[in-house]
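Student: what would the 3D arrangement of this be:
(one chain, ligands or ions: 1)
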Amino acid sequence: MVEINKNPGAIAGVLDTARIKGDFPILQRTVHGKPLVYLDNAATSQTPTAVIRALVDYYERYNANVHRGIHTLAEEATAAYEAARAKVAALIGASPDELVFTRGTTEALNLVAYGWARQHLRPGDEVLVTPMEHHSNLVPWQRLARERGLRLRAIPLTEDGRLDLAAMDGLLTERTRVIAVTHMSNVLGTVTPLAEIARRAREVGAVVVADGAQSVPHLPVNVRALGVDFLAFSAHKMLGPTGVGALYARREWLEEMEPLLAGGGMIRRVTLEDATWADPPARFEAGTPDIAGAIAFGVAADYLRGIGLEAVAAHERELVRYAWERLREVPGLTIYGPGPEHRGGVISFTLEGVHAHDVAQVADGEGVAIRAGHHCAQPLHAHLGVPATARASFYLYNDAGDVDRLVQALYAARKLFVRP
Ligand code: C6P
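Tutor: So this is what the prediction gives:
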């Protein structure tokens, strides 16, 4: 029988998880008759009451289109929408006019590829990617490379799943125009040295397109300190709703970027023959945006700021250290990626003799939600030599007791699938 930690706070004690769990109604539910342990935060995070209230409040009190009406509701909606932009921008150290609301990370990265890179890159130019990119920061570049005759080159990984910066130096040339790199792998948890990458990119005149889907929710991120040109992230991975996210872009690039969509809200002047664009960020937000979602995104940013991203990161560091030790006790379990000191709150693993999907299914039966599969990172799984991994990903409401429940579920999976 696996020993259950009776005092989770004593091990992962940075945040008061009992109080925080109380802010998340969904965490009070049971799954298959057992209290839910939610460890699929890299896929999507749960939503605190304050964020849910913001969505309801918008529809109950001031549902109106933004930047169009002059009636009270429209003015209130516009003010709340722009206030949300300022809050989200402040969270990453950007100005509001450098932040475009998108549908999420995927749309934000496509906007960079098709809105910016398509205009700026020439045949023969090189784009550096990494083997641990989520498909969202790889497939748009592959598509653009085919269309524009670009060359994609991959920065190798070290044995333990970090970026090999010495090898990156060997790939950097005057043809390198873009380094498209994740700030935190959604599979290995590896945190990449973005500031260092940006410094080296500047030396050859390349821009850095950073995928912040996993880092912005979990680490203190400041775009000025990092020196990146673009940073994409999603609200739903940082306590906000689905369907909204953001692209930070340096002002000079925003000025030169082409919109993906044309229509209402993004124009300055339209004649029957022609149109001119509005200033950024409105230029990139054609059509009625997800107004309630953006406002709720701002409330999620408030919530995170209230707790403090330093504290969130420290909490997850403790939790990952604890999970690392506990998981390594499980016979036949292999963890992928670097040690706890180089990763965020994500641990992907395989369990010998049990398919990753079976691991996830048994865990679900125990009330523990984890993800299994390729996690939209097929090239990385090819590199690891496994078709699928199981993944536990943590957030500010998780504690050592949740890790213990996971470990217990893994023993249950072994009992079912592995012959003694
Ligand atoms: N990763 C996961 O389970 P969207 O879907 O646009 O909000 O985010 C895409 C995305 C981009 N980059 C990284 C590093 C990501 O982790 C994700 C989403 C989820 O890992 C769903 S595949």
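
Student: on the pLDDT front, check the residue nearest the centre of the chain for me.
Tutor: For the chain, residue 213 is the residue whose C-alpha lies nearest the centre (CA atoms, centre = their mean; 1.6 Å). Looking at residue 213, its pLDDT reads 99.

Student: now do it against residue 236, distance only.
Tutor: 10 Å (CB to CB, to the nearest Å). For every residue, glycine as well, the C-beta is placed using N, CA and C.

Student: how about the contacts made by the spatially closest residue to residue 135 that is not a sequence neighbour?
Tutor: Setting aside the residues directly before and after it, residue 135 is nearest to residue 376 in space (CB to CB, 6 or more residues apart in numbering), at 4.6 Å. Residues near residue 376 by CB atoms under 8 Å, 6 or more residues apart in numbering: 134-136, 186.

Student: relative to residue 346, how far out is residue 376?
Tutor: 13 Å.

Student: any common contacting residues for these two?
Tutor: residue 186.

Student: buried sites along stretch 413-420?
Tutor: 413-414 (16 or more other CB atoms under 10 Å).

Student: make that stretch 193-212, sorry
Tutor: Applying 16+ other CB under 10 Å to stretch 193-212 flags 193-194, 197-198, 200-201, 206-212 as buried.

Student: where does pLDDT dip in the chain?
Tutor: For the chain, residues meeting the criterion pLDDT under 70 lie at 1-13.

Student: contact residues of it facing the ligand?
Tutor: 42-43, 104-106, 134, 136, 182, 186, 211, 213-214, 234, 245, 371, 375-376 (CB under 6 Å from any ligand atom).

Student: mind listing which of these are in strands?
Tutor: 182, 211, 234, 245, 371 (DSSP state E).

Student: can you redo those as TSV with distance to residue 115?
Tutor: Below are those laid out as TSV (distance: CB to CB, whole Å):
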residue	distance to residue 115
182	20
211	16
234	18
245	15
371	31
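
Student: so how far is stretch 257-270 off the chain centroid?
Tutor: Centre-to-centre, stretch 257-270 and its host chain are 27 Å apart (CA atoms, centre = their mean, to the nearest Å).

Student: buried stuff in that stretch?
Tutor: 257, 259, 265-267.

Student: now the two most distant members of the residues you listed.
Tutor: Maximum pairwise distance in the buried residues of stretch 257-270, criterion CB to CB, is 16.3 Å, between 257 and 265.

Student: residue 363 contacts residue 406, correct?
Tutor: Yes - if you go by CB atoms under 8 Å, residue 363 and residue 406 touch, sitting 6.8 Å apart.

Student: list residues touching both of the two?
Tutor: Common neighbours of residue 363 and residue 406 (CB under 8 Å, 6+ apart) are residue 370.

Student: neighbour count: these two, which is higher?
Tutor: Looking at residue 363 and residue 406 with other CB atoms under 10 Å, you find the greater number of neighbours at residue 363, namely 26 against 23.

Student: surely that one is in a strand?
Tutor: No - using DSSP: H, G, I helix; E, B strand; the rest coil, the assignment for residue 363 is helix, not a strand.

Student: how about it: what's its closest non-neighbour residue?
Tutor: residue 409 (4.2 Å).

Student: now for the helix or strand that contains that neighbour, which elements pack on it?
Tutor: Secondary structure from DSSP states H and E places residue 409 in helix 400-417. Packing contacts for helix 400-417, counted by 3 or more CB pairs under 8 Å, 6 or more residues apart in numbering; DSSP states H and E, involve helix 8-11, strand 37-38, helix 309-328, strand 346-351, helix 356-365, strand 368-369.

Student: return the alpha-carbon coordinates of the longest one using PDB.
Tutor: What follows is helix 309-328 as a C-alpha-only set of coordinates in PDB (Å, rounded to 0.1, in the frame of the first residue of the first chain):
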ATOM      1  CA  LEU A 309       3.800  34.500 -10.100                       C
ATOM      2  CA  GLU A 310       7.000  34.200  -8.100                       C
ATOM      3  CA  ALA A 311       5.000  32.300  -5.500                       C
ATOM      4  CA  VAL A 312       3.200  30.200  -8.100                       C
ATOM      5  CA  ALA A 313       6.600  29.300  -9.600                       C
ATOM      6  CA  ALA A 314       8.200  28.500  -6.200                       C
ATOM      7  CA  HIS A 315       5.100  26.400  -5.300                       C
ATOM      8  CA  GLU A 316       5.300  24.400  -8.500                       C
ATOM      9  CA  ARG A 317       9.100  23.900  -8.100                       C
ATOM     10  CA  GLU A 318       8.500  22.300  -4.700                       C
ATOM     11  CA  LEU A 319       5.700  20.200  -6.000                       C
ATOM     12  CA  VAL A 320       7.800  19.000  -9.000                       C
ATOM     13  CA  ARG A 321      10.600  18.100  -6.700                       C
ATOM     14  CA  TYR A 322       8.300  16.100  -4.500                       C
ATOM     15  CA  ALA A 323       6.500  14.500  -7.500                       C
ATOM     16  CA  TRP A 324       9.900  13.600  -9.100                       C
ATOM     17  CA  GLU A 325      10.900  11.700  -6.000                       C
ATOM     18  CA  ARG A 326       7.600  10.000  -5.500                       C
ATOM     19  CA  LEU A 327       7.300   9.000  -9.200                       C
ATOM     20  CA  ARG A 328      10.800   7.500  -9.300                       C
END
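
Student: which residues sit against the following helix or strand past that helix?
Tutor: For helix 309-328, the succeeding helix or strand toward the C-terminus, using DSSP H and E, is strand 333-336. By CB under 8 Å, 6+ apart, the list of residues contacting strand 333-336 from outside reads 161, 187-188, 324, 327-328, 347-352, 384, 386, 389, 410.

Student: doesn't residue 380 belong to a helix?
Tutor: Yes - under three-state DSSP, residue 380 falls within a helix.

Student: wait, isn't it in contact with residue 131?
Tutor: Yes - here residue 380 reaches residue 131: they are 5.6 Å apart, a contact under CB under 8 Å.

Student: if anything else comes up later, I'll come back, but that's it for now.
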